[in-house]
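> Okay, sequence plus prediction incoming.
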Amino acid sequence: MKKILSILAISLSALMASSLTAAAPHHNDDRGFDKPRHEQSRKHREYREENSDERFEKRRMREERGVQRLQQLKWQEGYVMPQHYRGNSYKVDSKDSSLPKASRNEQWYKVNNNYILVNTDSNTIIRIAN
């Protein structure tokens, strides 16, 4: 019985060792893995630093255009409320704002100093109050 267990243990350890060597990464391809790691990271960092100001400026301009576009929206009854304004930060409680109580499936929002009553099922504007 001891011989069988020892043979089984040796064969399992040999199997484990062979599977570990087969899973080792190969560093002889053309994708730059043969270069030292510090050289790869330095080049990546330099590329990222060169473009970070340009990317930041593009992102800022895109956000400004989006804000301007959202401020120019014309609020009319029957229109769909933009998703940007459906967040909790725009929600208003009718008790605090002296607004008529919203019925079931309705919610008041405050956007650009306007109070907007929206159907929460279809997100359509029901009423606009100043």
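Sure, I can see it. Keep in mind that what you see is a predicted model, and the values were worked out from it rather than measured.

> and the protein, what are its domains?
Following automatic domain parsing, one finds the domains of the chain at 34-72, 75-129.

> By mean pLDDT, flag the weakest helix or strand of this protein.
helix 37-71 (a mean of 75; mean pLDDT, DSSP states H and E).

> chain center to the next helix-or-strand element following that one, what's the gap?
Beyond helix 37-71 on the C-terminal side, the first helix or strand identified by DSSP states H and E is strand 91-92. On the basis of Cα atoms, centre = their mean, to the nearest Å, strand 91-92 sits 24 Å off its chain's mean C-alpha point.

> what mean pLDDT does the following helix or strand past strand 91-92 have?
Downstream of strand 91-92, the next assigned helix or strand under DSSP H and E is strand 106-111. Strand 106-111 carries an average pLDDT of 93.

> what's next to strand 106-111, contact-wise?
75, 81, 85-86, 90-94, 97, 99, 102, 115-120, 126 (Cβ atoms under 8 Å, 6 or more residues apart in numbering). Placement of C-beta: from N, CA and C, glycine included.

> Can you tell me the strand partners of that strand and which way each runs?
The sheet places strand 106-111 alongside strand 91-92 (antiparallel), strand 114-119 (antiparallel), with pairing taken from DSSP bridges.
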